[in-house]
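# What follows is a predicted protein model with its sequence.
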Amino acid sequence: MTTVKEQEVIQEQFKKRMNEDELLNCMRCGFCLPSCPTYIESGFKESHSPRGRIALMKAVVDGLIEPDEDFERSLDLCLGCLACEPVCPSGVNYGHLLEEARDIVSQNKKFSLPTRIVRKTVFEGLFPHPNRMRNVTGLLGFYQRSGIQSLARKIGFLGILPDHLALMEKALPKIATMK
């Protein structure tokens, strides 16, 4: 949970660091919507679309909303696949906006011990190591092809996961067979 002090610091950082011209570049045309897996999987919830997240970022910059848990959840649910960028007629650099917003939040938020351990494991122990990434991708492929994914969905196992993990699992792309 983000404290009021953390929210104030995050909001101030948004005002300083977010590119307001880029935030205003979004025409809100909706071309990004059909290409966004989290928007589709969320049941077409606007705050889980690229244009919705941009609107939320702009609202934080303008002081219209607090960078609260719902705001963070919307940012966290984005897969960062950037399928929205090629279809954007305005050429909004959504990836840069998302990265900047996530960086501001993560630099100014105190994480619980379990969260710090997971973040350290993923960001330092997994992502910088291509062989480990290949192994994880292989495990995800096995999870999909073996029927475990279908079984987990049928018996409702995903219901015990936190909402954001369950949504990310639903949006997980089909892993190609590795050679």
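Received the coordinates, thanks.

# Distance check, the closest residue to residue 37 other than its chain neighbours against residue 137.
In this structure, residue 37 finds its nearest non-sequential neighbour in residue 171, 4.2 Å apart by CB to CB, 6 or more residues apart in numbering. For every residue, glycine as well, the C-beta is placed using N, CA and C. Separation of residue 171 from residue 137 (CB to CB, to the nearest Å) stands at 16 Å.

# ditto for residue 77
For residue 77, the distance to residue 137 - CB to CB - is 21 Å.

# out of these two, which sits in the busier spot?
residue 77 (22 against 13; other CB atoms under 10 Å).

# Contacts only, for the most centrally placed residue in the chain.
In the chain, the residue lying closest to the centroid (CA atoms, centre = their mean) is residue 78, at 2.6 Å. Shown in contact with residue 78 (CB atoms under 8 Å, 6 or more residues apart in numbering): 38, 48, 50, 53, 98.

# tally of neighbours for the residue nearest to residue 37?
18.

# Am I right that it is in contact with residue 38?
Yes. Applying CB atoms under 8 Å as the test, residue 171 and residue 38 come out as touching, 5.7 Å apart.

# what do these two both touch?
residue 79.

# follow-up on the earlier one: quick check: pLDDT value at the residue nearest to the centre of the chain.
If you check residue 78, the pLDDT there is 95.

# Equivalent analysis for residue 179, please.
61.

# for the closest residue to residue 40 other than its chain neighbours, helix, strand, or coil?
Closest residue to residue 40 apart from its sequence neighbours, by CB to CB, 6+ apart: residue 34 at 7.6 Å. Put simply, residue 34 is helix when judged by DSSP: H, G, I helix; E, B strand; the rest coil.

# quick check: domain ranges of the protein?
4-107, 113-170 (automatic domain parsing).

# From residue 153, how far out is residue 51?
On the measure of CB to CB, residue 51 and residue 153 end up 29 Å apart.

# between those two, which one's more packed in?
Using other CB under 10 Å as the criterion, residue 51 and residue 153 rank with residue 51 on top: 23 against 14.

# For the helix or strand hosting residue 103, name the packing helices and strands.
In this assignment (DSSP states H and E), residue 103 forms part of helix 94-107. Where contact means 3 or more CB pairs under 8 Å, 6 or more residues apart in numbering; DSSP states H and E, helix 94-107 is packed against helix 4-17, helix 20-25, helix 50-61, helix 69-77.

# Nothing else from me, thank you.
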